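Participant: Build me a structure from this.
(4 chains)
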There are 2 protein chains.
Amino acid sequence: MNAAVQPLRTASERSAPPGETDASALDAIGALPRETLGERVTGELRTLLVAGRLAPGEKLSLRRVAEALGVSMMPVREAVSRLAADGALEVLPGRAVRVPVLSLAQFRELTRLRLVVEGFAAEEAARQATPADIDRIVAFDAAFRQAASADPPDSAAAVAANRDLHFALYEAAAMPSLIEMIERLWLKAGPILNLDMRHEPRRLEGGSAMQAHARLLEAVRRRDAPAARAALEDDIAAAAAHIAETGQLRA
Amino acid sequence: MNAAVQPLRTASERSAPPGETDASALDAIGALPRETLGERVTGELRTLLVAGRLAPGEKLSLRRVAEALGVSMMPVREAVSRLAADGALEVLPGRAVRVPVLSLAQFRELTRLRLVVEGFAAEEAARQATPADIDRIVAFDAAFRQAASADPPDSAAAVAANRDLHFALYEAAAMPSLIEMIERLWLKAGPILNLDMRHEPRRLEGGSAMQAHARLLEAVRRRDAPAARAALEDDIAAAAAHIAETGQLRA
DNA sequence: CCAACCTAACTGTGATCACAGATCACGACA
DNA sequence: TGTCGTGATCTGTGATCACAGTTAGGTTGG
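Facilitator: You can find the predicted model right below:
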């Protein structure tokens, strides 16, 4: 069922640091990542969701995911609990857990919220972006361009680059809670959005996304917040319109 | 430690419907509530958090909460997992789980996000509100007025009425995901906001909240979206300014 | 009198087991 | 042929146990 789920052995990769007493060396090492298994499973599922590799309506089984990842059922339960709390997954009453199937109304609401929230983030990013931020955005824009312009288009790479581009922009706003909000929106809309981009790479050829990205980048360079918002809104609206027309949404 | 946590016995309140075959009777009964224990614990903790009855920095113990609620540790783990994913609780690396202590910068970011998101909700509510919606808002406004004007002010009732008033407004916008977003913001800001209102009920006497509510209500009645947003923004900003001055926030 | 050690209690995490309820396929009855 | 009952199988939920890591309190040694 879940061929997309990669093994994730419980490798205890915390290498015990030897008895080192040199102060300079101790200062150099940072706090080691101390990530719990449940968090890693959560991250794994999140990645699959925003990438559209788990299709809407697809059913997951705690035991199967646990087996596929090489862990017990416990961490998977925790991950599913969190994602279900975010609305990224839904647990049917007594049945199974599955990727939510959005209705057209729900998708429209999500799009409106994205326009408000991500539009605000774009404005703030245009005001606060550092040269380093802009460099990162430029890099991801180039990656997206290359993936979208290839023949045939590399849809997987385009999806990833598109995500990186957007979040590089939002991170320039330097508002952590804002980014969390946007991630939650992407988690909900990701399955349809990216499933579509993955299945219909021809949409990339239209170039509307690349055009919007170019205008966005230009606006950020000029620190023109309203223009950045406008460009981003066009990007979101164009993708949403395409989904609303051709996507598979519930009535 | 958690005297605030109310017992929550595992009462199986699902009354088995008798073998009724009358079609009209079958149509009348709705789906019975089927709530899992973990969800009830989550709701219990959410209520305590937004009401400010769990103070920032307060530490929780899974076992103690479980014992206080009369359930096993398992549902509490699930509830804490969800709330931690929302940032409403935080789990220290290897230590304990506690209510987050916001820094001044984090609180300011939350306030800005509230202005954006709840401001949008107020606009939309002003456009979409039905007479029934307005009636509900009026009722909660009256309750808030009464609690705040009493001598001494009934801070607990004021906190509850204030919450009900705001969410009655937001629900008039008829955008479920928007309400989830706002609830998450309140979950983060609630502990300081309402802890403050609870400890310093004198702030209520200033009447700035009541004045803002009155303007808000008037704007909704007139279907004046910009005015509704302005009134709500004043309400949020006034409370936030008071916290930033006197509240206990980390540097 | 203060600091360092050490032990006992407690923490969240993960695994395993038990169970009620839902699903699905097969077969009996009408 | 169509429909309902029925059983095996699988689902998520909850409880219990085991464990490594941390914390706090008391004690010892300086």
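Participant: Going by C-alpha atoms from here, please, whenever you check contacts or count neighbours.
Facilitator: Fine.
Participant: for the host helix or strand of A:R136, what is the average pLDDT?
Facilitator: In this structure, A:R136 sits in helix A:131-149 according to DSSP states H and E. Helix A:131-149 shows a mean pLDDT of 94.
Participant: So which residues make contact with that helix?
Facilitator: Contact with helix A:131-149 is made by A:153-155, A:157-159, A:161-162, A:164-165, A:168-169, A:172, A:204-205, A:210, A:213, A:217, A:220-221, as judged by C-alpha atoms under 8 Å, 6 or more residues apart in numbering or on different chains.
Participant: Buried only: go through those residues for me.
Facilitator: A:153-155, A:157-159, A:161-162, A:164-165, A:168-169, A:172, A:204-205, A:210, A:213, A:217, A:220-221 (16 or more other C-alpha atoms under 10 Å in any protein chain shown).
Participant: Tell me which of these fall in helices.
Facilitator: A:155, A:157-159, A:161-162, A:164-165, A:168-169, A:204-205, A:210, A:213, A:217, A:220-221 (DSSP state H).
Participant: Quick check on A:K59: phi, psi?
Facilitator: The phi and psi values for A:K59, taken as degrees, to the nearest 10, are phi -100, psi 140.
Participant: Quickly list what it is bridged to.
Facilitator: Taking DSSP bridges, one obtains A:R98 as the residues bridged to A:K59.
Participant: Show me the domain layout of chain A.
Facilitator: Using automatic domain parsing, the domain ranges for chain A come out as A:35-98, A:104-246.
Participant: can you give me the offset of the longest one from its chain's centre?
Facilitator: Distance of domain A:104-246 from the chain centroid (C-alpha atoms, centre = their mean, to the nearest Å) equals 11 Å.
Participant: now the shortest one
Facilitator: Put simply, domain A:35-98 sits 15 Å off its chain's centre (C-alpha atoms, centre = their mean).
Participant: about what we covered before: adding distance to B:F120 as columns, could you present the domains of chain A in JSON lines?
Facilitator: Output for the domains of chain A, formatted as JSON lines (distance: least, C-alpha to C-alpha, whole Å):
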{"stretch": "domain A:35-98", "distance to B:F120": "21"}
{"stretch": "domain A:104-246", "distance to B:F120": "8"}
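Participant: Of all these, which one is nearest B:A228?
Facilitator: B:A228 sits nearest to domain A:104-246 of all the domains of chain A, at 17.0 Å, using C-alpha to C-alpha.
Participant: got the end-to-end distance for the closest one?
Facilitator: End-to-end span of domain A:104-246 (C-alpha to C-alpha, to the nearest Å): 11 Å.
Participant: How about the secondary structure of the spatially closest residue to A:R127 that is not a sequence neighbour?
Facilitator: Distance criterion C-alpha to C-alpha, 6 or more residues apart in numbering or on different chains; nearest residue to A:R127, sequence neighbours excluded, is A:R223 at 5.5 Å. Secondary structure, DSSP: H, G, I helix; E, B strand; the rest coil: A:R223 is coil.
Participant: Would you tell me which residues of the stretch 51-200 of chain A are close to DNA strand D?
Facilitator: For the stretch 51-200 of chain A, the residues in contact with DNA strand D (C-alpha under 7 Å from any atom of the strand) are A:L60, A:S61, A:L62, A:R63, A:R64, A:R77, A:V91, A:G94, A:R95, A:A96, A:V97.
Participant: Narrow those to those in strands?
Facilitator: Those of those mapping onto strands are A:L60, A:V91, A:V97, per DSSP state E.
Participant: Excluding covalently adjacent residues, which one is nearest to the second one?
Facilitator: Meaning A:V91. That would be A:V97: by C-alpha to C-alpha, 6+ apart, it lies 4.2 Å from A:V91.
Participant: State the number of residues packed around the residue nearest to A:R127.
Facilitator: Residues near A:R223, counting by other C-alpha atoms under 10 Å in any protein chain shown, number 18.
Participant: Distance of it relative to B:Q106?
Facilitator: 24 Å.
Participant: out of the ones in strands among the residues of the stretch 51-200 of chain A next to DNA strand D, which are buried?
Facilitator: Applying 16+ other C-alpha under 10 Å to those flags A:L60, A:V91, A:V97 as buried.
Participant: which one of these is nearest A:E118?
Facilitator: For these, the nearest to A:E118 is A:V91 (28.2 Å; C-alpha to C-alpha).
Participant: could you list every residue that touches that closest one?
Facilitator: A:A84, A:V97, A:R98.
Participant: my read: the second one touches A:S61, true?
Facilitator: Okay, so that is A:V97. Yes. Counting by C-alpha atoms under 8 Å, A:S61 is a contact partner of A:V97 at 6.8 Å.
Participant: is it fair to say A:R53 lies in a strand?
Facilitator: No. Applying three-state DSSP, one finds A:R53 to be coil, outside a strand.
Participant: So it is in contact with A:G190, correct?
Facilitator: No. Here A:R53 does not reach A:G190: they are 9.4 Å apart, not a contact under C-alpha under 8 Å.
Participant: Compare the two (neighbour count), which wins?
Facilitator: A:G190 (27 against 21).
Participant: Excluding covalently adjacent residues, which one is nearest to the residue most central in space within chain A?
Facilitator: Nearest to the mean C-alpha position of chain A, by C-alpha atoms, centre = their mean, lies A:V50 at 4.3 Å. Nearest residue to A:V50, sequence neighbours excluded (C-alpha to C-alpha, 6+ apart): A:G190, at 4.4 Å.
Participant: near chain B, which residues of chain A show up?
Facilitator: A:34, A:78, A:81-82, A:85-86, A:93, A:109-110, A:113, A:116-117, A:120, A:175, A:177-178, A:181 (C-alpha under 8 Å from any C-alpha of the partner chain).
Participant: Filter those residues down to just the buried residues.
Facilitator: A:78, A:81-82, A:85-86, A:109-110, A:113, A:116-117, A:120, A:175, A:177-178, A:181.
Participant: what's the closest of those residues to B:N194?
Facilitator: A:S177 (20.1 Å).
Participant: Isn't that closest one up against B:E109?
Facilitator: Yes. Here A:S177 reaches B:E109: they are 7.4 Å apart, a contact under C-alpha under 8 Å.
Participant: from chain A, which residue is nearest to chain B?
Facilitator: A:R82 (4.8 Å; C-alpha to the nearest C-alpha).
Participant: Is that residue in a helix, a strand, or coil?
Facilitator: At A:R82 the chain is in helix, as set by three-state DSSP.
Participant: separation between it and DNA strand D?
Facilitator: 11 Å (C-alpha to the nearest atom of the strand, to the nearest Å).
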